[in-house]
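[1] Can you look at this prediction? I've put the sequence above it.
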Amino acid sequence: MSDHTVDVVVIGAGPAGMAAACQARSLGFSVVVLDEQPALGGQIYRRIESAPEAIQNILGADYVAGQVLAQEFKQSGAIHITGAVVWNVSVTGTVNYVADGNGEEITGKHVILASGAIERPFPIDGWTLPGVMGAGAGQIMLKGSGALPTEPVVLAGCGPLLYLLAWQYLRAGVTITALVDTTPKRAYVQALRELAGAIKGWRDLAKGIKLLASIKRNGVKVYSGATKLAVVGKQAAEGISFRYKNEEVSVASPLILLHQGVVPNAQLSLSTGEEHIWSTDQLCWLPKTDKFGRLGQTALYVAGDSRGIVGAKASAVQGRLAALAIASSLRGSVGLDELIADQIELLGDAVSIRRFLDVLYRPQDENRVPTDDKVIVCRCEEVTAGQVRGYVALGCHGPNQTKAFGRCGMGPCQGRFCGLTVTEIIAKSRNVDPNTVGHYRVRAPIKPILLGELAR
């Protein structure tokens with residue numbers, strides 16, 4: 001195991017990580033970027049440097065726009081270590097990771113956590129069957145290898161990514177049997193109240209309207225306001241059933257892609273023990289930071305979607321802001337005030353639409369907190385919603401106790417896929433706020449590693 005010290009360590013090479021590295025390097029700081037992926041770009045710009053033109057055309061202009069940031073990053077002089085699995089971060093800036101089968105350690109005077117987002121769980125009946133995936137996973141396959149469904153597909157849920165993927169699939173010639181939209185009519189009324197604040201993001205609003213129009217123009221059957229979703233099938237997915245306009249509807253398909261938004265990939269920040277707060281807007285845990293993303297009084301900063309879902313543009317701005325704040329702490333703010341003010345203004349513009357989107361695409365309670373006791377919540381250990389409620393009846397007050405009651409959250413994913421659901425089930429069962437219930441205690445190693453890798 002080797003170790004050394006640099007000015008800034010960045011974890012993640014998506015929009016926030018790349019922008020942070022570029023900003024820090026432009027100010028003369030030594031920067032090492034650790035990324036688990038084989039190439040830069042994160043999830044949003046996956047394979048941005050090598051995607052064939054045909055794939056770029058399918059993915060659209062917003063994806064291709066990432067090439068500008070990728071090129072800036074390549075020319076910045078930052079050291080980029082790919083295939084780096086970070087398994088521990090200390091509040092003082094020490095980072096442990098595995099790369100090429102070897103355990104490594106590096107210390108940053110400051111560390112920027114830019115680990116992005118993961119898909120929100122969608123715990124409904126049948127969601128663990130073969131043939132059921134997240135829409136985000138479908139898009140990763142498209143970006144990463146050009147893989148496309150060979151059979152008709154159903155997309156179900158809500159959120160911008162669901163409609164974007166539908167549009168991309170249509171451009172690629174994929175047959176979409178149905179788009180089952182869980183957004184209720186009342187959400188549109190509630191979102192209208194936030195429209196004035198979203199005007200600065202009118203271009204994004206216009207893009208969304210065009211996407212929806214294109215999907216309908218291509219003849220896709222859209223079921224708006226669907227409820228009571230369940231995947232149909234015994235050994236594998238055969239279709240999806242739901243209620244639409246007070247009627248039971250069933251649509252046959254061997255492939256169901258579910259989605260109801262993304263949430264911060266907060267495992268690294270959670271593992272530090274620093275405070276995280278339940279967001280009533282985004283229905284997830286957010287690290288408590290200052291306006292620059294600093295986590296408490298630590299050497300750590302959080303930027304991008306791992307701090308709170310803001311999208312690619314705002315993530316890049318947050319990355320630059322974190323780097324500027326670090327520069328100010330290391331060298332003083334002389335000459336940086338104007339740069340910081342400019343980035344703060346850009347950030348305000350970039351997030352202006354966020355409140356509108358959070359209200360419009362708020363995941364419905366029935367799709368986050370399953371009322372059917374038979375629905376599996378913890379996929380790794382096959383723990384059901386009913387079992388979690390049973391633990392509460394026996395005196396379980398929080399997620400960490402569920403581990404002792406029934407191994408919930410103790411599988412390979414370490415609670416990534418069940419954590420939010422378990423917190424909400426317990427909170428609802430106890431009739432208390434999620435902040436009272438708390439979250440899983442995340443400990444290193446936050447990713448599975450081999451003892452042999454640590455020894456080398």
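    It's in. Residues are numbered from 1 along each chain as shown.
[2] how about low-confidence regions in the stretch 301-450 of the chain?
    The stretch 301-450 of the chain contains no residues with pLDDT under 70.
[3] Would you mark the buried spots in stretch 369-377?
    By 16 or more other Cβ atoms under 10 Å, the buried positions in stretch 369-377 come out as 369-370, 375-377. All C-beta spots, glycine's among them, are computed from the backbone N, C-alpha and C.
[4] can you tell me which of the residues you listed are in strands?
    Judged by DSSP state E, strands contain the following of the buried residues of stretch 369-377: 376-377.
[5] Looking at the buried residues of stretch 369-377, which two lie furthest apart in space?
    Taking Cβ to Cβ as the measure, the buried residues of stretch 369-377 span a maximum distance of 13.7 Å, between 369 and 376.
[6] overlap in contacts of the two?
    Common contact partners of residue 369 and residue 376 (Cβ atoms under 8 Å, 6 or more residues apart in numbering): residue 385.
[7] Name the residue most distant from the centre of the chain?
    Distance from the C-alpha centroid of the chain, by Cα atoms, centre = their mean, peaks at residue 334 (35.5 Å).
[8] and it, how far is that from residue 245?
    According to Cβ to Cβ, to the nearest Å, residue 334 and residue 245 sit 64 Å apart.
[9] Residue 436 too?
    38 Å.
[10] ok, now residue 389?
    Residue 389 is 31 Å from residue 245, where distance means Cβ to Cβ.
[11] Please apply the same query to residue 87.
    50 Å.
[12] Looking at those two, which is more packed in?
    Counting neighbours by other Cβ atoms under 10 Å for residue 87 and for residue 245 shows that residue 87 has the greater number, 20 against 9.
[13] need the contact list for that one.
    Neighbouring residues of residue 87 by Cβ under 8 Å, 6+ apart: 96-98, 444-447, 449.
[14] Kindly confirm my reading that it is in a strand.
    Yes: counting by DSSP: H, G, I helix; E, B strand; the rest coil, one finds residue 87 located in a strand.
[15] For the residue nearest to it when sequence neighbours are not counted, the count of nearby residues, please.
    Nearest residue to residue 87, sequence neighbours excluded (Cβ to Cβ, 6 or more residues apart in numbering): residue 445, at 3.7 Å. Residues near residue 445, counting by other Cβ under 10 Å, number 15.
[16] Correct me if wrong: residue 445 contacts residue 88.
    Yes: using Cβ atoms under 8 Å, residue 445 is in contact with residue 88, at 6.2 Å.
[17] and the chain, what are its domains?
    With domains defined by automatic domain parsing, the chain comprises 2-118+263-332, 121-260, 369-437.
[18] Please identify the deepest-packed of those domains.
    Across those, the average number of neighbours (mean count of other Cβ atoms under 10 Å) peaks for domain 2-118+263-332, which reaches a mean of 21.
[19] The stretch 51-200 of the chain: helices as residue ranges?
    With helices called from DSSP state H, counting those that start in this stretch, the stretch 51-200 of the chain shows them at 53-59, 61-64, 66-76, 135-145, 160-171, 185-192.
[20] Tabulate the buried residues of stretch 369-377 (TSV), appending distance to residue 455.
    Formatted as TSV, the buried residues of stretch 369-377 follow (distance: Cβ to Cβ, whole Å):
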residue	distance to residue 455
369	44
370	43
375	42
376	37
377	37
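[21] May I ask you to confirm that residue 81 is in contact with residue 32?
    Yes: contact criterion Cβ under 8 Å: residue 81 and residue 32 qualify, at 6.6 Å.
[22] per-residue confidence for residue 97?
    With respect to pLDDT, residue 97 scores 97.
[23] dump the residue contacts of it.
    Here residue 97 is in contact with 34, 84-87, 103-106 (criterion: Cβ under 8 Å, 6+ apart).
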